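Asks: Predicted model and sequence follow; I will ask about them next.
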Amino acid sequence: MTALCAEVCTGPVPGLLLDGDVVITSADAAAYTALDLLERLHPQRASGPVWTDGAWLYWLVPPGAHARWKPHFYGRCVAGETVPRPPMGRWRPDAAAPSPWWVRLPRTDLLRVGEVLLRHVLTHYRPGPTPDTWTPRPAPSIPS
């Protein structure tokens, strides 16, 4: 696997340090409004990498956040290594190679979403349905 992550990545991405935990929310209009607000509040600091599989949004938060994250009706925080990341160049769904795609690509100056601010914004905008039905999907096999 390379730093450009040609296939779906799980866990840290070498060279980009996409390590961390993941908050999962619905991918409804309220969640996208929350993302927009985070970007308008702090365009340089508030919204790090976010990706989707069409049903859920995945927000990369600092490592260890799942241990600090108290139960929340609009977001579930899980250990990051259980959540597949999209290929670095994928910005929309691809029926030929199904996998998640980026909503907001990681930047070298902003590699994680602030978990406290994210929690407040999710409480305000209330994306739904709740992610309590989310289960990890195995990453597709990478051809040799």
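Replies: Looks like it arrived, so ask away. Keep in mind it's a predicted model, so treat the numbers as computed, not measured.
Asks: ok, now which ones touch Ala30?
Replies: Tyr125, Arg126, Pro127, Gly128 (Cβ atoms under 8 Å, 6 or more residues apart in numbering). The C-beta positions use only the backbone N, C-alpha and C, and glycine is treated the same way.
Asks: And the pLDDT at it?
Replies: Ala30 is assigned a pLDDT of 94 by the prediction.
Asks: just Arg45 next, same as before
Replies: According to the prediction, Arg45 has pLDDT 55.
Asks: for the one 10 residues further on, same thing?
Replies: Ala55 is assigned a pLDDT of 87 by the prediction.
Asks: Tell me if I'm right that it and Ala27 touch.
Replies: Yes: applying Cβ atoms under 8 Å, one finds Ala55 in contact with Ala27, separated by 5.8 Å.
Asks: about what we covered before: ok, and the most crowded of the contacts of Ala30?
Replies: Counting neighbours by other Cβ atoms under 10 Å, Pro127 comes out on top of the contacts of Ala30 with 24 neighbours.
Asks: would that residue count as being in a strand?
Replies: No: according to DSSP: H, G, I helix; E, B strand; the rest coil, Pro127 belongs to no strand; its state is coil.
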